[in-house]
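# When you get a sec, could you give me coordinates for this:
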Amino acid sequence: MDTEPVDLFYSYAHEDEKLRDELDGHLALLRRKGVIRPWHDRGIVPGQQWGEAIDRELSTADLILLLVSMDFLNSDYIWGKELATAIERARRGDASVIPVLLRAVDIEDAPFAHLQGLPTDLRPVTSWPNRDEAWTDVAKGIRRAVEAIRQRWASAPPPAPPPPSAPSAPRSSDLGTAVASAPLPEEAMHSPEMARPALKMAAAEDARTDALLQRAIGAFADELAFAARIKGVEGIASGEAEGLAAALIDMPEQKRVLWVDDQPDNNRHELAALAKLQVEVVSVHSTAEALERLDADEDGFDLVVSDWDRPEPLDGAASAGLKLLGVLAARPRRPPVIFYHAEFAPALRAARRETLLRAGAFGEAVRPGELLALIRSAFASSD
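Here you go, the predicted structure:
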């Protein structure tokens, strides 16, 4: 049986709505996969009591995100209601609560200061040079929290059935309350009248998720176009870019790339394109750094992307990239290695490609579209 999505609640100040919306966009991939079921107060439909709706969602959420900023800390409602409930639920252990630091602010004396927060090292989201990379880091932490929640569900004993009780006749003064709280008959729960509001809300959420994903796909295509323009090469058609994005989105797990290049800024748009789709990229500058990271990183990598040459000792290799490939080829287990280089002359590129493939590389690319197609193929080969 499929695992139920983890119910996620956003606690945030309305001044930070744009940042919440950015995070929501990055988490749309998790919602598409049925991993989370997010909720925030913009989901309150006309006619609902907003206070009751917030109380209900806050008291039943499995995961509560505190989107922390000065406006968050200055909100009387958040402090008096949402934060108090969240901290109490975290203390009881019936909800996971994660502070997400949006803007630089002193939280040393905050009631949630003891909770592990995001992004890594509590570096505020707005201070990252590339905000998509910040959100990818946050999404990675949320994935881990969701996995921990699901593991608790799997190990928890099934709840005992409630003992049967004889119904008692309601007093006339309680009649309205009794009628309102009494469970509905099974046939009523499945009637068109009862199902219609829930279906409308589900359809609205699905439409929002689709819109967020389309926005991410469009941003991915834009970054590839920027990368091609900077490198002075022909870009790929929008339909092809959308197909690449859709394939990467539908990968079963979040992917991680180790990118080795002594000038990573030259690839900033390619990196940004991957970040739009929640592919985590760790950048290093040398063969030594790459080997150290591969040995020390507990999460492992699905792919290595390397440049051809770097200013470092070659130890007899034709290039720094081939030096790295030679070391990795001697290992019993290693991720695929792709080379992203700048040899465009057809004959020279063909010779370089033959050398790389013979040495054990997965492939080589010189254009952004080629690179992303190779990355998709490499990911698929390891699933």
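
# Please enumerate residues in contact with stretch 267-282?
The set of residues that contact stretch 267-282 without belonging to it, under CB atoms under 8 Å, 6 or more residues apart in numbering, is 26, 29, 130, 132-133, 135-137, 139-140, 216, 219-220, 223-224, 226-227, 230, 245, 248-249, 254-259, 261, 264, 283, 293, 297, 301, 340, 368, 371-372, 375. Quick note: C-beta positions are derived from backbone N, CA and C, even for glycine.

# Against Trp259, how distant is Thr3?
In this view, Thr3 and Trp259 are 33 Å apart by CB to CB, to the nearest Å.

# More neighbours: which of these two?
The neighbour comparison of Thr3 against Trp259 (other CB atoms under 10 Å) goes to Trp259, with 23 against 12.

# State the pLDDT value of that one.
Turning to Trp259, the model gives it a pLDDT of 98.

# Please apply the same query to Glu343.
Here, the pLDDT recorded for Glu343 equals 96.

# same thing with Ala160?
Among the per-residue scores, Ala160 holds a pLDDT of 65.

# Walk me through the domains of this structure.
Following automatic domain parsing, one finds the domains of the chain at 6-154, 211-382.

# Lowest average pLDDT across those?
Averaging pLDDT over each of the domains of the chain singles out domain 6-154 as the lowest, with a mean of 92.

# what's the distance between Arg91 and Phe339?
Taking CB to CB, one finds Arg91 at 52 Å from Phe339.

# Same drill for those two, tell me which one is more crowded.
Neighbour totals were compared for Arg91 and Phe339, and Phe339 leads with 30 against 10 (other CB under 10 Å).

# Please report phi then psi for that one.
Main-chain dihedrals, Phe339, degrees, to the nearest 10: phi -110, psi 130.

# Same question for Trp39.
Its backbone dihedrals place Trp39 at phi -150, psi 140, with angles given as degrees, to the nearest 10.

# residues in contact with it?
Taking CB under 8 Å, 6+ apart, we find Trp39 in contact with 7-10, 57, 61.

# okay, among those residues, which ones form the most distant pair?
The most widely separated members of the contacts of Trp39 are Asp7 and Tyr10, with 11.4 Å between them, by CB to CB.

# And those two? Which one has more around it.
Under the criterion of other CB under 10 Å, the comparison of Asp7 against Tyr10 puts Tyr10 first, with 24 against 17.

# which SS state does that one fall under?
Taken by DSSP: H, G, I helix; E, B strand; the rest coil, the conformation at Tyr10 corresponds to strand.

# residues in contact with it?
Applying CB under 8 Å, 6+ apart to Tyr10 gives the contacts 20, 24, 38-40, 65, 67.

# neighbours of the residue nearest to it when sequence neighbours are not counted, just the number please.
Taking CB to CB, 6 or more residues apart in numbering, and ignoring the residues beside it in sequence, Tyr10 has His40 as its nearest neighbour in space, at 3.9 Å. Other residues lying near His40 total 19 when counted by other CB under 10 Å.
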